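Novice: Got a sequence here, can you build the structure:
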Amino acid sequence: MAHNVETMAYAGEVPWHGLGEKVSADLAPMQMMQKAGVDWKVTKVPTVAIYDGEMIETGTQALIRESDNTILAPSVGENWEPIQNDEAFNFFNEFCLAGDMEMHTAGSLKDGKMVWALAKVKESFELFKGDEVESYL
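Specialist: Predicted coordinates:
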């Protein structure tokens, strides 16, 4: 099975594929974003076609990673708006500051086309005798 990991950070046990940077479980969401290597922004740029030596705008836009100009999506509609990585990680801030969650893993897959952040909820429960259930968001 291919792992498709571009960048990654994790707290706790080493992932099955052995990739990523091990970090402490008490990182703030923005610190986790940096350690995971996803502290970059994306922007939309117009796409063009070249026909008979002329550049013609296609009416669509490409999604580009600003840090290295990697094309993440070759065509998105003009009304489509990306959520920036810092916005997604900021979602966890309030929960981590309150002590309800801790950042667990984060990273990017498929050359940056997919970015994820995972936090462990500090409250667990026992389903059956000794069957502990942990929650993640």
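Novice: centroid residue for this protein?
Specialist: When C-alpha atoms, centre = their mean is applied to the chain, the residue found nearest the centroid is Val115 (2.3 Å).
Novice: Check the secondary structure at that residue for me.
Specialist: strand (DSSP: H, G, I helix; E, B strand; the rest coil).
Novice: What is the end-to-end distance of stretch 31-49?
Specialist: Length of stretch 31-49, first residue to last, C-alpha to C-alpha, to the nearest Å: 40 Å.
Novice: how close does the closest residue in space to His17 that isn't next to it in sequence get to Trp16?
Specialist: Computed as C-beta to C-beta, 6 or more residues apart in numbering, the closest residue to His17 that is not its neighbour in sequence is His3, at 4.2 Å. Any C-beta I mention is one placed from the backbone N, CA and C, and that applies to glycine too. Distance of His3 to Trp16, given as C-beta to C-beta, to the nearest Å: 8 Å.
Novice: Neighbour count: the two, which is higher?
Specialist: His3 (13 against 8; other C-beta atoms under 10 Å).
Novice: Quick one, grab the pLDDT at the more buried one.
Specialist: For His3, the model assigns a pLDDT of 74.
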